[in-house]
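>>> predicted model and sequence follow; I will ask about them next.
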Amino acid sequence: MVFVIKMAIFYVKPQGCTCNIADASKISKYLISQGHTLTNVVHKADKIIIVTCGFNELKLNKSLNELNRLNSLFKNKLYIAGCVPKIRPDSLKNFNVVASPRDFSGLNLFANKVSNKSIDDVSPSFFKDNLFYIKISTGCTGKCSFCAIKKASGFTKSRSINSIIKDVNFAIKKGYSKIALIGDDIGSWGADVHLKLSDLLSELILLDGDFELMLSSIHPKNLLKDKKIIQLLNSKKIGNTIYLPHQSASNKILNLMNREYSIQDYFELVKEIKLVRPDMQIQSDLLVGFPTESEEDHKKNLKFIKSTNIYFLQVFMYTPMKGTLSEKFTDIPEDIKLRRCNELIDLFLEKNANEDRLLINTNINYNFK
């Protein structure tokens with residue numbers, strides 16, 4: 001006798017980053033393969049799955065607040081996925097957890113055996129606007145003192161080259177000319193299987209078709225270890241953007257962050273990238289107000305913005321994250337952190353005032369003029 005679960009109408013909502021959107025897409029495609037129906041109207045759903053975000057304390061609390069609000073409306077329908085279950089498990093004791101970034105086995109609760117497809121057979125990919133996103137790995141090799149995502153995603157878990165090639169070919173067939181490779185740190189792809197990102201890129205640029213690969217977050221320490229990536233940037237199959245978060249221009253702060261490179265290393269990487277690909281647009285993150293950050297450290301961040309041609313910048317004000325190493329460090333006053341953020345954003349916008357395509361993102365209430 002085969003036990004068949006009742007067909008359900010389900011709603012999936014991702015919070016936060018593109019990796020969560022990719023995981024939400026994976027969940028949706030799997031449930032559809034099991035005979036369930038996707039709806040984009042929450043009130044019509046029998047099952048509601050929220051893919052939670054734990055990027056920082058602000059986003060995590062926002063996730064928890066939304067979960068509590070939804071739970072009051074749809075108590076018996078709500079299911080939880082994403083990063084928060086692993087980062088803050090005590091906060092989710094009253095919720096049904098069905099997935100985390102590394103483990104989707106809880107979705108077997110919804111399996112109907114309509115198809116032989118397992119969750120591992122489903123691609124974490126999606127399209128948005130004119131860009132096709134492919135998640136190539138989960139987790140990272142880093143040990144950043146301020147980050148709690150590692151608790152959820154763990155050490156790097158890489159998808160196979162063949163599965164990624166299959167996704168790229170699918171995107172090409174569907175007419176997407178821009179394909180973004182995403183992950184918690186795509187620079188760590190292959191670390192679990194004795195390969196490097198350059199091995200993957202070397203295979204992908206040989207594929208037929210008119211497309212460009214867009215490279216999302218690469219930890220600078222991994223680019224230092226795999227400089228063949230820089231040479232591959234010369235390929236027409238790789239787009240002109242690379243996301244290389246530097247976090248701070250102070251070596252003292254980088255050491256406290258446990259970033260495993262110096263700002264001199266970062267400058268050298270930018271120099272080498274520009275030599276190979278002069279049109280490459282560097283994207284970066286700046287984490288401001290990290291514990292013990294002094295005015296001298298702040299001046300180094302200002303100098304970095306003045307002297308480095310960053311195309312896209314995310315300015316984040318540091319807030320302590322429970323369960324991280326940096327939570328134990330002595331924090332600095334909020335008003336000082338806020339002032340420094342504003343000064344850095346002001347300088348960045350002033351320097352690039354004539355750049356029509358310039359973008360900036362921040363987690364403070366900055367008054368954009």
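Received it, and whenever you're ready, just let me know what you need. Residues are numbered from 1 along each chain as shown.

>>> where exactly do the strands run in the stretch 251-369 of the chain?
With DSSP state E, counting those that start in this stretch as the criterion, the stretch 251-369 of the chain has strands at 281-288, 310-317, 359-362.

>>> and these as JSON lines, adding mean neighbour count, mean pLDDT and distance to residue 337?
To be clear about C-beta, it is placed using only N, CA and C from the backbone, and glycine gets the same treatment. Formatted as JSON lines, the strands of the stretch 251-369 of the chain follow (neighbours: other CB atoms under 10 Å; pLDDT from 0 to 100; distance: least, CB to CB, whole Å):
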{"stretch": "strand 281-288", "mean neighbour count": "21", "mean pLDDT": "96", "distance to residue 337": "6"}
{"stretch": "strand 310-317", "mean neighbour count": "20", "mean pLDDT": "93", "distance to residue 337": "5"}
{"stretch": "strand 359-362", "mean neighbour count": "14", "mean pLDDT": "81", "distance to residue 337": "12"}
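
>>> now do the buried residues in stretch 216-232.
Within stretch 216-232, the residues that count as buried by 16 or more other CB atoms under 10 Å are 216-226, 229-230, 232.

>>> try stretch 234-254
235, 237-239, 241-251, 253-254.

>>> among these, which are in strands?
Mapping these onto strands (DSSP state E) picks out 238, 239, 241, 242, 243.

>>> leaving out the residues flanking it, which one is nearest to the last one?
In space, and not counting its chain neighbours, residue 243 is closest to residue 283: 4.3 Å by CB to CB, 6 or more residues apart in numbering.

>>> I'd say that neighbour and residue 240 touch.
No: when contacts are counted by CB atoms under 8 Å, residue 283 is not listed as touching residue 240 (11.0 Å).

>>> check which helix or strand covers residue 180.
strand 178-182 (DSSP states H and E).

>>> and that strand, which strands flank it?
strand 131-135 (parallel), strand 212-215 (parallel) (DSSP bridges).

>>> strand partners of the helix or strand following the longest one, parallel vs antiparallel please.
So the one you mean is strand 131-135. Downstream of strand 131-135, the first helix or strand assigned by DSSP H and E is strand 137-138. Paired neighbours of strand 137-138 in the sheet (DSSP bridges): strand 157-158 (antiparallel).

>>> what are the contacting residues of the partner strand?
102, 136, 137, 138, 139, 189, 190, 191, 192, 193, 195 (CB atoms under 8 Å, 6 or more residues apart in numbering).
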